[in-house]
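*Asks:* I'd like to go over a predicted model; first the sequence, then the structure.
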Amino acid sequence: MSFYVTTPIYYGNGEPHLGHAYSTMAADILARHMRQRGEDVFFLTGTDEHGEPIAQAAEKQGTTPQELVDRSAESFRDMVARVNATNDFFIRTTDRGHIERVQAVVDRVRENGFVYEGTYEGYYCPRCADFKTPTELLEGNRCPIHEIVLELETEQNWFFRLSTFQEPLEKLYAGHPDFVRPDFRRNEALAFIKGGLQDVSLSRPKLSWGVPLPWDPEQVMYVWFDALLNYYTALSYARPGEDLTERYWPCDVHVMAKDILKFHSVYWPAMLMAAELPLPKGLYVHGYLLMDDKKMSKSLGNVLDPFEVIDRFGSDALRFYCFREVSFGQDGSISTEGFETRYETELANDFGNLASRTLAMIDRYRDGLQPVAEPDPLLVADFEGIVDRVSGLLDEAQLSQSLEEIWVLVRRLNRYVEEAQPWVLAKDEADTGRLDQVLYSLAEGLRVLALLLHPWLPNSTLKLLEALGEQRSDLAVYGSRPGGTKLEKIEPLFPKL
Ligand code: ME8
């Protein structure tokens, strides 16, 4: 089966920061996990390069919009690589292939009767690139997000008949209760729809930088429609000479934060219905990472700079920390102090030390050969069903809960070492059989955990799997590999600070 996952495309006028890295890592965790399940995965990320804010930023910097977005696309590509994301394509909305496909889709929407010419009068926030309804505004006609005072604008443009889709959207949500996850975000989307949908501008007068409307090149497409379509257009030109649309559309999961829920949960499905295209299967909506800048850490100061973390501790540490500290879906505070605590107690001690210790004992007591033995029934029981549990949770957008399920077993193995005391067993010939079983069971546990943890910790688990002599990368059931494999000792996976 195919699995298609996307991140938002990030604005090409900003610098990548931890929030962008977070969505990218989330999508990558899903992509890597699905590959382990044998799915045919396509993972898309990229940059949103049109719109007024970009034109304005370019002007301010005394450069052209194209030069600005070229630079910024490079920074985002770099961010994606540094968090170790395995995207299959990086889309830029200034790509020829994207522009052509956007024009074809919007033509179809018009042919289908969902576009008309009109006058827009209302409030527009250039920072959100969003037309605000009177009920959304704060007192004094201020943007609810940026709190800046908005001007009443009047302009001649083309409209999209969003109102027509009120009922079809309500039906969509009734028929697919999982369309937006978590639940409370679905309820937000539904409340917005039930509040009554008004038609929205599909284009803006061509004072801005964007995709010209095919039938009225004096107007450019409203940047959100141009941007949302990236998920669809990319498939048509990501592989030269090949159209991947049939293979991957409709998309399985769009990952994003709550800030852009309305566009993805209302405008986007309506637009696709208008173009008679299949709808995505679901949205995974996460919260905001909030920085508490009061706490200071020993070595990182007080601002968690993702690139500094990656340079000093590796991308695995960042990936782990973000999904461990903040429950995916909720807002959550992160801090340099919290990072260092989790790095030391969980990565260095719980996991890294468990791995080094286990491999060192097998090296010392069994010359590096994983004994041939029956798995300890205690651990068999604890590992029972773990692969299904983790998969099931990831299918429900529970990226933190699934990591917690795995971590329970990491802690379990640590307790097992303390309880079984292999160093005591090693002193008595009579305990040879039991020591074999304990060492086999530990190495097998490490192997299963390394495979499960791979999406969060791709680099360190690869090192560990290599030391365990493991060739496979898909998920494994506890006790399924017989002993007898040659294992290697390893350097600490997460060196202490
Ligand atoms: O909205 N915590 O682009 P954008 C978590 N171009 N995630 C965060 C975050 C934070 N503090 N800050 C940003 C746009 N993000 C449009 C999208 S899609 C068709 C067009 C992440 O550069 C999160 O994924 O403002 C959020 O939805 C996205 O960055 C917004 O990125």
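*Replies:* Looks like it came in fine. Residues are numbered from 1 along each chain as shown.
*Asks:* roughly how far does the residue in the chain that the ligand sits nearest to sit from Ile362?
*Replies:* Of all residues in the chain, the one sitting closest to the ligand is Gly19 (2.2 Å; CB to the nearest ligand atom). All C-beta spots, glycine's among them, are computed from the backbone N, C-alpha and C. Taking CB to CB, to the nearest Å as the measure, Gly19 falls 42 Å from Ile362.
*Asks:* which one of those two has more residues nearby?
*Replies:* Set side by side, Gly19 and Ile362 give different neighbour counts by other CB atoms under 10 Å, the larger being at Ile362 (24 against 16).
*Asks:* so that one sits in a strand?
*Replies:* No. When the secondary structure is assigned by DSSP: H, G, I helix; E, B strand; the rest coil, Ile362 falls in helix instead of a strand.
*Asks:* roughly how far apart are it and Glu374?
*Replies:* Applying CB to CB to Ile362 and Glu374 gives a distance of 17 Å.
*Asks:* Phe89 too?
*Replies:* Where Glu374 is concerned, Phe89 sits at a distance of 47 Å (CB to CB).
*Asks:* repeat that for Asp316.
*Replies:* Distance, Asp316 to Glu374, by CB to CB: 33 Å.
*Asks:* quick one: which of the two has more around it?
*Replies:* Each of Asp316 and Glu374 had its neighbours counted (other CB under 10 Å), and the higher figure belongs to Asp316 (23 against 13).
*Asks:* tally of neighbours for the closest residue to the more buried one other than its chain neighbours?
*Replies:* The shortest distance from Asp316 to any residue that is not its chain neighbour, by CB to CB, 6 or more residues apart in numbering, is 4.4 Å, and that residue is Leu457. The local packing count at Leu457 equals 26, with neighbours defined by other CB under 10 Å.
*Asks:* just the strands in the stretch 51-200 of the chain please.
*Replies:* Counting by DSSP state E, counting those that start in this stretch, the stretch 51-200 of the chain forms strands over residues 89-92, 115-125, 130-132, 152-160, 180-181, 200-201, given from the N-terminal end onward.
*Asks:* got the residues of this structure near the ligand?
*Replies:* 8-11, 14, 19-20, 22-23, 48, 227-228, 230, 256-257, 259-260, 288-289 (CB under 6 Å from any ligand atom).
*Asks:* can you flag the buried ones in those residues?
*Replies:* Buried residues within the residues of the chain next to the ligand, counting neighbours by 16 or more other CB atoms under 10 Å: 8-11, 19-20, 22-23, 48, 227-228, 230, 256-257, 260, 289.
*Asks:* helices - which of these land there?
*Replies:* The helices in this structure, assigned by DSSP state H, contain 19-20, 22-23, 227-228, 230 from those.
*Asks:* farthest pair within these?
*Replies:* Based on CB to CB, the longest span within those runs between Tyr22 and Leu228 and measures 20.5 Å.
*Asks:* excluding chain neighbours, what is closest to Thr45?
*Replies:* Thr7 (4.3 Å).
*Asks:* burial count for the one you found?
*Replies:* Residues near Thr7, counting by other CB under 10 Å, number 24.
*Asks:* residues contacting it?
*Replies:* Neighbouring residues of Thr7 by CB atoms under 8 Å, 6 or more residues apart in numbering: 23-24, 26-27, 44-45, 255-256.
*Asks:* again, only using 10 Å
*Replies:* 20, 22-28, 43-46, 80, 85, 87, 231, 254-256 (CB atoms under 10 Å, 6 or more residues apart in numbering).
*Asks:* swap in Gly484?
*Replies:* 369-373, 440, 469.
*Asks:* hmm, try it at 6 Å
*Replies:* Val372 (CB atoms under 6 Å, 6 or more residues apart in numbering).
*Asks:* that one: which element?
*Replies:* Using DSSP states H and E, Gly484 maps to neither a helix nor a strand.
*Asks:* please report how far it lies from Tyr440.
*Replies:* If you go by CB to CB, the gap between Gly484 and Tyr440 works out to 10 Å.
*Asks:* can you check Met79 too?
*Replies:* Applying CB to CB, one obtains 42 Å for the distance of Met79 from Tyr440.
*Asks:* neighbour-wise, which of those two wins?
*Replies:* Taking neighbours as other CB under 10 Å, Met79 and Tyr440 compare with Tyr440 leading, 25 against 22.
*Asks:* which of the helices or strands spans the more buried one?
*Replies:* Assigned by DSSP H and E, Tyr440 falls in helix 432-453.
*Asks:* for that helix, name the packing helices and strands.
*Replies:* Of the remaining helices and strands, those touching helix 432-453 by 3 or more CB pairs under 6 Å, 6 or more residues apart in numbering; DSSP states H and E are helix 354-366, helix 399-420, helix 422-425, helix 458-467.
*Asks:* walk me through the domains of the chain.
*Replies:* The record assigns the chain these domain ranges, following automatic domain parsing: 2-286, 306-467.
*Asks:* could you export those domains as a markdown table, including mean pLDDT?
*Replies:* Below are those laid out as a markdown table (pLDDT from 0 to 100):
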| stretch | mean pLDDT |
| --- | --- |
| domain 2-286 | 95 |
| domain 306-467 | 97 |
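*Asks:* got the ones you listed as TSV, with distance to Ile490 columns?
*Replies:* Putting the domains of the chain into TSV (distance: least, CB to CB, whole Å) gives the following:
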stretch	distance to Ile490
domain 2-286	19
domain 306-467	5
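*Asks:* so how far is Val115 from the closest residue to Val109 other than its chain neighbours?
*Replies:* When the adjacent residues along the chain are set aside, Val109 lies closest to Ala274, with 4.5 Å between them (CB to CB, 6+ apart). Counting by CB to CB, the gap between Ala274 and Val115 amounts to 8 Å.
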